[in-house]
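Participant: test case, fold it:
(one chain, ligands or ions: 1)
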Amino acid sequence: MILFDIGANLTHESFNQDLTEVLLRAREAGIERLIVTGASLEGTVAALALAEQDDNLWSTAGVHPHHAETLTEGCLSQLAELAQQPKIVAIGETGLDYFRDFTPRAVQRDAFEAQLQLAADVGKPVFLHERDAAKDFITLLSQYRDQLSNVVVHCFTGDASALEAYLELDCHIGITGWICDERRGKHLHELVSRIPTGKLMIETDAPYLLPRTLKPKPKNRRCEPCHLLEVARVIAPLRGQTMQALAEETTATANRFFRL
Ligand SMILES: [Zn+2]
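Facilitator: The predicted model follows:
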């Protein structure tokens with residue numbers, strides 16, 4: 001079984017000590033390909049450096065809504081330069097996060113638009129984050145959708161109407177271990193079966209979102225790419241699929257999405 005983790009924050013400090021072992025465990029679990037998320041300018045530089053050392057890693061280039069205030073003109077032009085690198089396979093993560101609201105919403109919207117424009121300019125896919133901001137997110141994305149190639153709404157946590165709107169906009173949907181959370185991910189159990197074949201991809205968002213169904217739980221509570229297996233184990237029956245079939249489908253979708 002071959003799996004593809006489309007979102008892992010491998011430059012996070014929690015992986016500083018043992019990244020080699022983490023990647024080895026991922027391989028052994030069948031996670032052959034990974035996209036390292038770039039969530040800031042420095043994070044993107046680090047993610048790209050990582051991807052350049054490993055044939056099975058690629059990265060995104062972007063500034064997360066939490067860091068939207070750092071997206072100055074200078075930062076944007078450096079991102080644009082990084083975006084030309086062959087190992088950068090998507091622009092992002094970018095989008096809107098009105099749940100945490102770490103950054104003023106108007107600043108988030110400007111940074112989101114600037115990165116959608118960048119993706120349109122470089123012709124690469126976009127890796128998007130949306131939390132409790134569906135209305136503004138859909139409005140902005142709709143304005144740029146025609147100029148964009150592939151779009152994934154990563155770590156989808158929204159409701160049925162948001163899912164419908166994203167599919168209508170021809171977006172792909174990324175599902176994480178959120179779906180393994182009996183407190184806040186239950187609604188995804190029904191929604192995941194509504195994502196058409198060829199639109200679903202899976203991810204860990206490591207080191208965040210350790211699947212709550214995982215047994216035994218690692219002592220450090222850190223999520224790592226090998227836990228993608230648990231995400232797949234939970235999703236497969238909800239879509240009436242074997243894990244093998246789900247793995248084949250989502251890996252093929254990710255390869256097409258990122259043009260690998
Ligand atoms: Zn995210």
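Participant: can you pull out the strands in the stretch 1-150 of the chain?
Facilitator: Assigned strands in the stretch 1-150 of the chain, in chain order: 3-8, 31-36, 57-61, 88-97, 126-131 (criterion: DSSP state E, counting those that start in this stretch).
Participant: okay if I get these as TSV plus distance to the ion and mean pLDDT?
Facilitator: Heads up, the C-betas are built off the backbone N, CA and C, glycines and all. As requested, these are arranged in TSV below (distance: least, CB to the ion, whole Å; pLDDT from 0 to 100):
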stretch	distance to the ion	mean pLDDT
strand 3-8	7	98
strand 31-36	12	98
strand 57-61	11	98
strand 88-97	5	98
strand 126-131	4	97
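Participant: out of those strands, which gets nearest to residue 176?
Facilitator: Residue 176 sits nearest to strand 3-8 of all the strands of the stretch 1-150 of the chain, at 7.3 Å, using CB to CB.
Participant: contacting residues around that closest one?
Facilitator: The contact list for strand 3-8 (CB atoms under 8 Å, 6 or more residues apart in numbering) reads 26, 29-37, 93, 127, 152, 154-155, 174, 176, 201-206, 224-225, 228-229, 232, 247, 250-251, 254-255, 257-258.
Participant: pull out the buried residues from the residues you listed.
Facilitator: Neighbour counting over those (16 or more other CB atoms under 10 Å) leaves 26, 29-31, 33-37, 93, 127, 152, 154-155, 174, 176, 201-206, 224-225, 228-229, 232, 247, 250-251, 254, 257-258 as the buried ones.
Participant: tell me how many other residues crowd the spatially closest residue to residue 33 that is not a sequence neighbour.
Facilitator: Nearest in space to residue 33, with sequence neighbours left out and distances taken as CB to CB, 6 or more residues apart in numbering, is residue 4 at 4.6 Å. Neighbour count for residue 4, taken as other CB atoms under 10 Å: 25.
Participant: tell me how far residue 4 lies from residue 208.
Facilitator: 18 Å (CB to CB, to the nearest Å).
Participant: what's the answer for residue 19, then?
Facilitator: Look at residue 19 and residue 208: by CB to CB, they are 16 Å apart.
Participant: same question, residue 74
Facilitator: As for residue 74, its distance to residue 208 is 29 Å (criterion: CB to CB).
Participant: contact residues of the stretch 1-150 of the chain facing the ion?
Facilitator: residue 129 (CB under 5 Å from the ion).
Participant: returning to what we had before: just the contacts of strand 3-8: which are in helices?
Facilitator: Among the contacts of strand 3-8, the residues falling in helices (DSSP state H) are 26, 228-229, 232, 247, 250-251, 254-255, 257.
Participant: so what's the residue count around residue 220?
Facilitator: The criterion is other CB under 10 Å. On that basis, residue 220 has 10 neighbouring residues.
Participant: actually, residue 135.
Facilitator: By the other CB under 10 Å criterion, the neighbourhood of residue 135 contains 12 residues.
Participant: show me the contacts for it.
Facilitator: For residue 135, the contact set (CB under 8 Å, 6+ apart) is empty.
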